[in-house]
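# What follows is a protein structure lacking sequence information:
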């Protein structure tokens, strides 16, 4: 745009040059049309400049931030969400499909019973009734047996005669053929049902492909290293991340930015007291606005086909959020909690800073409203047969164990090198952050986890801990914490894990299961970090594999 503006001002100041350039452009275009000219269209300076402008204009049309996160969902041209009417049609379609499946199952079972009964009768009738009366009842299975298999042949018995060459091997083979025939019939009818569903348009509510990917980032936290005196360091990490994500192949469907987009929030400066760099709320708000703007500018360079979801963290709304602090986030980035479909999977975004502390002004009502909304959305996803359900938030619901308490969390994350080497005053250079600071209080954690278990949530993604940790609940839900795009912590209480602990992004690859494979494997849908000893009760529509990619 700058080049175009400068060019425009130059052309307007010299009418002769303007007419000359116009004439050259017309001749150049006509040469392309008739096939003359030495320059290819892509190498023409005028066309090159125009294509750059068009690309910039096209990118600006993609909704981002507050334009995208509204009405409690996500708007993006590549992630088309279902309308209310489509949701109604989808429920009707699912209901009809379930009835058909139930009827087929009943029919299949009856067919199996009939065919096995005939096979059994064939085996029983192969033994002569005269033989039966001569041998005595003690040589035959009891009438109360569950299955009456045919009597095996006796090589030394010359009195028996057989009506056919039927034997035990034939009987077993017949049963196998019956089972195979029914399995083929089920697969064929199921494929027919799936093709009918795919012909109906429901946006991202129904799977469009067998796989997709998305990216988890966290804690860009502009200004954290210098206590908000500058944030070019963090912006550089974000630029690297945008470039890395844009080069991924296949292209991810969206980026989930799991909170602490910036560092400045007035209440943190207020607690620093005399050592604060900014003394008034007005000063802090101006810095916060500038950090928000700089974040948006850098992350707007994401490829236009990739959506971005911005989750609020404690440095965005405060450790003790209020309705006013949350409104500042909403004004800049859009809804603080929302949900959206991607390729048959359902993504729920939460403001779980409220689960840590909702005692701030107006926060209790916001917490209650969000909690009701959460269950309504999870129930909705269940009713619409979501293949998998993912939850995105800033705070980890737990670090290592779903039942952990402050008493069981003994680890400490020492202050990062950036702060230890800083000239800025700190309370204690050898101090750090206890693990308990990063975990949600158990009572409020259970409110969420009970809902996640009830509706079989597959995975939760978060940041806040400033380091990589992957854990699981006893019922199979992944808790995946991703390292930051700013300063990195290293807890002394963290169990040994294979992932490198550094700045980077996490790529999530989702593989959906076909309906046929779902019948063979009722309980799956776990990540590569699965533990066979744990009961797996998450949704069985697919699996995820994820890896951390350092900057």
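Received the coordinates, thanks. The structure displayed is predicted, hence computed values, not measured ones.
# Give me the below-cutoff pLDDT ranges for the stretch 251-400 of the chain.
Along the stretch 251-400 of the chain, the model assigns pLDDT under 70 to no residue.
# helices or strands up against the helix or strand containing residue 373?
Using DSSP states H and E, residue 373 sits in helix 363-383. In terms of contacts (3 or more C-beta pairs under 8 Å, 6 or more residues apart in numbering; DSSP states H and E), helix 363-383 is packed against helix 323-333, strand 345-349, helix 353-356, helix 442-454. C-betas here are computed from N, CA, C, even on glycine.
# okay, those in TSV with mean neighbour count and distance to residue 64 next?
Output for the helices and strands packed on helix 363-383, formatted as TSV (neighbours: other C-beta atoms under 10 Å; distance: least, C-beta to C-beta, whole Å):
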stretch	mean neighbour count	distance to residue 64
helix 323-333	18	9
strand 345-349	25	15
helix 353-356	25	22
helix 442-454	16	28
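# moving C-terminal of the helix holding residue 373, what's the next helix or strand?
Sequence order places strand 389-392 as the next helix or strand after helix 363-383, per DSSP H and E.
# What residues of that next one count as buried?
The neighbour-count check on strand 389-392 (16 or more other C-beta atoms under 10 Å) flags 389, 390, 391, 392 as buried.
# same deal with stretch 410-424?
Residues 411, 412, 413, 414, 415, 416, 419, 422 are the ones in stretch 410-424 that count as buried (16+ other C-beta under 10 Å).
# I'd like to know which elements the one helix or strand residue 256 maps to is packed against.
Assessed by DSSP H and E, residue 256 sits inside strand 254-257. Packing partners of strand 254-257 (3+ C-beta pairs under 8 Å, 6+ apart): strand 211-217, strand 307-310.
# Most tightly packed of those strands?
Each of the helices and strands packed on strand 254-257 was scored by mean neighbour count; the highest is strand 307-310, a mean of 25, by mean count of other C-beta atoms under 10 Å.
# before we move on, the earlier item: for my notes, please list the helices and strands packed on strand 254-257 in TSV and give distance to residue 457 for each entry.
Putting those into TSV (distance: least, C-beta to C-beta, whole Å) gives the following:
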stretch	distance to residue 457
strand 211-217	16
strand 307-310	17
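# between those strands, which gets nearest to residue 69?
Nearest to residue 69, of all the helices and strands packed on strand 254-257, is strand 307-310, at 6.8 Å by C-beta to C-beta.
# packing partners for the closest one?
Packing partners of strand 307-310 (3+ C-beta pairs under 8 Å, 6+ apart): strand 254-257.
# Please name the strands paired to the strand it packs on in the sheet, noting orientation.
strand 211-217 (parallel), strand 307-310 (parallel) (DSSP bridges).
# That strand: which residues count as buried?
Using 16+ other C-beta under 10 Å as the test for burial, strand 254-257 gives 254, 255, 256, 257.
# Helix or strand next in line after it, which one?
helix 266-272.
# Give me the contacts around whichever helix or strand comes after that following helix.
Downstream of helix 266-272, the first helix or strand assigned by DSSP H and E is helix 281-299. Contact with helix 281-299 is made by 64-65, 220, 222-223, 228, 231, 235, 238-239, 242, 255, 257, 261-266, 269-270, 278, 308, 328, 332-333, as judged by C-beta atoms under 8 Å, 6 or more residues apart in numbering.
# do that again at 7 Å, thanks
Helix 281-299 is contacted by residues 65, 220, 222-223, 228, 231, 235, 238-239, 242, 261-262, 264-266, 269, 278, 308, 332 when judged by C-beta atoms under 7 Å, 6 or more residues apart in numbering.
# Where does the prediction get shaky in the stretch 101-250 of the chain?
When residues are selected by pLDDT under 70, those of the stretch 101-250 of the chain lie in 101-113, 116-117, 119-200.
# where does the closest residue in space to residue 323 that isn't next to it in sequence sit relative to residue 348, distance-wise?
Leaving out its chain neighbours, the residue that sits closest to residue 323 by C-beta to C-beta, 6 or more residues apart in numbering is residue 362, at 3.0 Å. In this view, residue 362 and residue 348 are 23 Å apart by C-beta to C-beta, to the nearest Å.
# Same check on residue 72?
Note on residue 72: its distance to residue 348, by C-beta to C-beta, is 10 Å.
# does residue 543 sit in a helix, a strand or a coil?
Applying DSSP: H, G, I helix; E, B strand; the rest coil to residue 543 yields a three-state assignment of strand.
# Same question for residue 404.
Taking three-state DSSP, the label given to residue 404 is coil.
# Run a quick neighbour tally on it.
A total of 18 residues lie near residue 404 under the criterion other C-beta atoms under 10 Å.
# That one contacts residue 440, correct?
No. Applying C-beta atoms under 7 Å, one finds residue 404 not in contact with residue 440, separated by 9.9 Å.
# Pull up the overlap in contacts between residue 72 and residue 348.
The contact sets of residue 72 and residue 348 overlap at residue 339 (C-beta under 7 Å, 6+ apart).
# Let me see the domain layout of the protein.
The record's domain split for the chain, according to automatic domain parsing, is 65-82+203-550, 98-198.
# winner for burial among those?
Ranked by average neighbour count under the criterion mean count of other C-beta under 10 Å, these are headed by domain 65-82+203-550 at a mean of 19.
# start to end distance for that domain?
One end of domain 65-82+203-550 to the other measures 26 Å (C-alpha to C-alpha, to the nearest Å).
# coming back round to it: of the buried residues of strand 389-392, which is the nearest to residue 460?
Residue 460 has its nearest neighbour among these in residue 391, at 4.5 Å by C-beta to C-beta.
# For that closest one, list each beta-bridge partner.
residue 348, residue 460.
# tell me the contacts of it?
By C-beta under 7 Å, 6+ apart, residue 391 lies in contact with 348, 350, 452, 457, 460.
# Turn these into a markdown table, columns for distance to residue 91.
Formatted as a markdown table, these follow (distance: C-beta to C-beta, whole Å):
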| residue | distance to residue 91 |
| --- | --- |
| 348 | 19 |
| 350 | 25 |
| 452 | 23 |
| 457 | 21 |
| 460 | 27 |
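# can you pull the contacts of the nearest residue to residue 513 once chain neighbours are set aside?
Once flanking residues are discounted, residue 513 sits nearest to residue 542: 5.3 Å by C-beta to C-beta, 6+ apart. Residue 542 is in contact with 387, 388, 510, 511, 512, 513, 525, counting by C-beta under 7 Å, 6+ apart.
# Generate TSV for these, with secondary structure and distance to residue 296 as supplementary columns.
As requested, the contacts of residue 542 are exported to TSV (DSSP: H, G, I helix; E, B strand; the rest coil; distance: C-beta to C-beta, whole Å):
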residue	secondary structure	distance to residue 296
387	coil	32
388	coil	30
510	strand	27
511	strand	33
512	strand	33
513	coil	38
525	coil	35
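# from these, which single one is nearest residue 467?
Using C-beta to C-beta, the contacts of residue 542 come closest to residue 467 at residue 510, 24.3 Å.
# Return the residues in contact with that closest one.
Contacts for residue 510 (C-beta under 7 Å, 6+ apart) come out as 211, 212, 213, 345, 388, 542, 544.
# likewise residue 237?
Under the criterion of C-beta under 7 Å, 6+ apart, the contact list for residue 237 reads 485, 486, 503, 551.
# of all these, which two lie farthest apart?
Of all pairs drawn from the contacts of residue 237, the widest gap by C-beta to C-beta lies between 486 and 551 and measures 11.1 Å.
# Next up, phi/psi of the closest residue to residue 330 other than its chain neighbours, please.
Among residues not flanking residue 330 along the chain, residue 336 sits closest, at 5.8 Å (C-beta to C-beta, 6+ apart). With angles defined as degrees, to the nearest 10, residue 336 sits at phi -80, psi -10.
# The helices and strands packed on helix 363-383 into JSON lines, with extra columns for distance to residue 499?
Converted to JSON lines, those look like this (distance: least, C-beta to C-beta, whole Å):
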{"stretch": "helix 323-333", "distance to residue 499": "28"}
{"stretch": "strand 345-349", "distance to residue 499": "23"}
{"stretch": "helix 353-356", "distance to residue 499": "25"}
{"stretch": "helix 442-454", "distance to residue 499": "23"}
